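**Q** fold the following.
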Amino acid sequence: MSKILSLPMMTTHLLHSVVFTGHRYYAFEQQARLGALLQELYTEGFRHFISGMAVGFDLAAAEAVIELRSRCGDVTLECAVPYEGFERGFSPEDAERFGRIVAEADTVTCLAERYSEGVFRRRNDYLVDSCSLVVAWWDGSRSGTGYTVARARRQSRPVVNLYPSLQLDLGL
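**A** Numbers count the residues shown, from 1 in each chain. Sure, this is the predicted structure:
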């Protein structure tokens, strides 16, 4: 991963940044809706998008940003990787997707050199602290995604939840 920055850097795009958080079991159920939302956000002035790079929604969202960038050249993608070698636990297919996304990213921020307790919370904190809007695929469960949504709400960040059967009051 040649683009990885060894230390996390707060994005300079805070006012127009979107981050993604979601569950690993996401299977592209809302990909058309996600693509339409990204186009709408672009129209509203959002240009910088940050993915937490987990299997499932995070990787799918990063791929949707790459698709948006193919039409809108001023879009940037940042990959917020929790620790060096994170993708080693992925299936071969997802590891290949991860590598392809990292290769196409504008910035890769690696939050730790190796796995340690709390590394995912640190990544999730970085996501919320780096954005003005969160796009989630959250089923309402207690999880890393739930933690990230709760932190966003505490920090008065709007959250758009694409999970289809759960209508939550996310303070929009």
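**Q** any idea which helix is longest in the chain?
**A** helix 57-71 (DSSP state H).
**Q** what helices and strands are in contact with the helix or strand following that helix?
**A** The helix or strand immediately downstream of helix 57-71 is strand 76-81, counting by DSSP states H and E. Contacts defined by 3 or more Cβ pairs under 8 Å, 6 or more residues apart in numbering; DSSP states H and E place strand 76-81 against strand 48-51, helix 57-71, helix 92-104, strand 107-110, helix 119-129. From N, CA and C alone the C-beta is placed, and that goes for glycine too.
**Q** please redo it, this time with the cut-off set to 10 Å
**A** strand 4-5, strand 17-22, strand 48-51, helix 57-71, helix 92-104, strand 107-110, helix 119-129 (3 or more Cβ pairs under 10 Å, 6 or more residues apart in numbering; DSSP states H and E).
**Q** between the ones you listed, which one is closest to Thr145.
**A** strand 17-22 (5.0 Å; Cβ to Cβ).
**Q** where's the closest residue to Thr21 other than its chain neighbours, which helix or strand?
**A** Nearest residue to Thr21, sequence neighbours excluded (Cβ to Cβ, 6 or more residues apart in numbering): Thr148, at 4.2 Å. Following DSSP H and E, one finds Thr148 within helix 144-154.
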